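Q: turn this into a model:
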Amino acid sequence: MTIGSPVEDVMDGRDAMLALGMNGEPLPFEHGFPVRMVVPGLYGFVSACKWIEDIELTTFDSYDPYWVKRGWARKAPIKTESRIDTPKPFARPKTGTVMIAGVAWAQHRGIDKVEVRIDDGPWQEAHLAAEDTRDTWRQWSLPWQATKGGHTLTVRATDRTGAVQTDRRTRTIPDGASGWHSVVVTVE
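A: Okay, here's the model as predicted:
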């Protein structure tokens, strides 16, 4: 299998790397020994090749990598996205304070804001946890005073360029899924 990464993305100052080791030890096989490539901000089929045996510098015009031949995009920048991790879909929390929480990501741009909507109500700004770098996922949380009945919880993120996560749902192929994430819960 072959992976193709845009040279301009690898060389633009982001923390792209060829990993030879992990935690002071040689890279374990399950994590990509002998060498693994990591390019923040691009989906894995373009940037996270494991078990590298050789690297060839060429152009996109003269070479179609493995996944491109199968209908995936040549370039695959990570989209601004977020998800709800708690409560889980179809959860049955009790009335009172329920913590809604999850993660948001926009590698190489960073997350500026996350908002949550309960049913069709107004968007409420969530609390953002500290971030290590603009390439790391960012945790977020919002306490909600849950009332009895069925509710739909929806989340959206805004990155540091001002781009708001799209509500338009798309499939994973060719360049990553999109759309707001929502969960349905029944408060007892």
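Q: rest of the way, CA atoms for contacts and neighbours
A: OK.
Q: from residue 38, how far off is residue 51?
A: 12 Å (Cα to Cα, to the nearest Å).
Q: mind checking which of these two has more residues around it?
A: Using other Cα atoms under 10 Å as the criterion, residue 51 and residue 38 rank with residue 38 on top: 20 against 15.
Q: please tell me I have it right and the more buried one contacts residue 14.
A: No - in this structure residue 38 lies outside contact range of residue 14 using Cα atoms under 8 Å: 10.4 Å.
Q: next SSE after the helix-or-strand element of the chain with minimal mean pLDDT?
A: One helix or strand of the chain scores below all others by mean pLDDT, DSSP states H and E: helix 44-47, with a mean of 70. Of the helices and strands lying after helix 44-47 in sequence (DSSP states H and E), the nearest is strand 81-86.
Q: buried stuff in the following helix or strand past that next one?
A: Downstream of strand 81-86, the next assigned helix or strand under DSSP H and E is strand 96-105. For strand 96-105, a neighbour-count test (16 or more other Cα atoms under 10 Å) marks 98, 100, 101, 102, 103, 104, 105 as buried.
Q: my guess is the second one contacts residue 87. True?
A: What it means is residue 100. Yes - with contacts counted by Cα under 8 Å, residue 100 reaches residue 87, the gap being 6.1 Å.
Q: hang on, isn't residue 108 packed against residue 134?
A: Yes - shown here, residue 108 and residue 134 form a contact pair, counting by Cα under 8 Å, at 5.6 Å.
Q: got the domain boundaries for this structure?
A: Per automatic domain parsing, the domain ranges recorded for the chain read 7-70, 81-187.
Q: highest mean neighbour count out of these?
A: Ranked by average neighbour count under the criterion mean count of other Cα atoms under 10 Å, these are headed by domain 81-187 at a mean of 17.
Q: okay, and the beta partners of the most centrally placed residue in the chain?
A: By Cα atoms, centre = their mean, the mean C-alpha position of the chain lies nearest to residue 105, the distance being 4.7 Å. Residue 105 has these beta-bridge partners by DSSP bridges: residue 81.
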